Each structure stands twice: as C-alpha cells, then as structure tokens.
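Peer 1: Need coordinates for the following:
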Amino acid sequence: MGVMAGTLDVVQRSYLGEVIRDGVLSFNPRAMDHLRGLILPMRFRGLLIKVTLEDGRLRVGAEVDSLNRSVKVGVGDQVREIGSGESYTFDL
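Peer 2: Below you'll find the model as predicted:
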C-alpha cells in the first residue's frame, strides 16, 4: 500500500501540480510527452471529483452529491466553483 500511495502522490503532485491553498484545489500541470492522458478520481472536501488531463486541457467534474456540496478548483489565475454534477474545463 505504501508503494501505491507513493505512486499516486507522484502523479498528483508532480504531473498535475496539485496544491491546496486557502480552500482551493489548485493544479499546475506539467507537459509530459510520454503521458498522453490522465484520468484520476479523487475526493476533496467530501466530494468525489474526476480530474482529466488531455490535449492541453484539464477537466474537473464533480459527481452528483445528495448534500449539494461544491468545491473551488483553480488552474493558474482561474478559479471556479464546481457543484454537485457540474464540470469545468480549463485550457492550459
């Protein structure tokens, strides 16, 4: 389990550039020629989200949540609030 957790940590921090600051889940993805696409489910503030990195875009989608939670997600200077069942695509 430790190796798998370390692998996920590398993907999240190194490839996606994931950082949590002031309640915002921020991404600063790095271009990787050998990484053509990445889909990663994660849970942030109790809400299940799916992060997709592909073709110069980062898409964040939130699963439908009975509590109607929302999360703030950012790429660069752009910050968006994504609610239950919503998604947003950031151009990189």
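Peer 1: rest of the way, CA atoms for contacts and neighbours
Peer 2: OK.
Peer 1: Is the most centrally placed residue in the chain bridged to anything, and to what?
Peer 2: The centroid of the chain falls nearest to residue 51 when counting by C-alpha atoms, centre = their mean (4.2 Å). Judged by DSSP bridges, the bridge partners of residue 51 are residue 40, residue 60.
Peer 1: Assess the claim that it and residue 43 are in contact.
Peer 2: No: using C-alpha atoms under 8 Å, residue 51 and residue 43 do not qualify as a contacting pair, with a distance of 10.4 Å.
Peer 1: For the chain, just list every one of the strands.
Peer 2: All strands of the chain, identified by DSSP state E, fall at 19-21, 24-27, 37-44, 47-54, 57-62, 70-75, 78-83, 87-91.
Peer 1: May I see those arranged in a markdown table, with distance to residue 2 as well?
Peer 2: As requested, those are exported to a markdown table (distance: least, C-alpha to C-alpha, whole Å):
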| stretch | distance to residue 2 |
| --- | --- |
| strand 19-21 | 21 |
| strand 24-27 | 24 |
| strand 37-44 | 18 |
| strand 47-54 | 22 |
| strand 57-62 | 27 |
| strand 70-75 | 27 |
| strand 78-83 | 31 |
| strand 87-91 | 31 |
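Peer 1: mind putting the ones you listed in TSV, mean pLDDT included?
Peer 2: Shown next, in TSV, are those (pLDDT from 0 to 100):
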stretch	mean pLDDT
strand 19-21	93
strand 24-27	96
strand 37-44	90
strand 47-54	94
strand 57-62	96
strand 70-75	97
strand 78-83	98
strand 87-91	97
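Peer 1: For residue 4, which of those is the nearest?
Peer 2: Closest of the strands of the chain to residue 4 is strand 37-44, at 13.8 Å (criterion: C-alpha to C-alpha).
Peer 1: what's the offset of the closest one from the middle of its chain?
Peer 2: Mean C-alpha position of strand 37-44 versus that of the full chain (C-alpha atoms, centre = their mean, to the nearest Å) differs by 6 Å.
Peer 1: Good, we can wrap up now.
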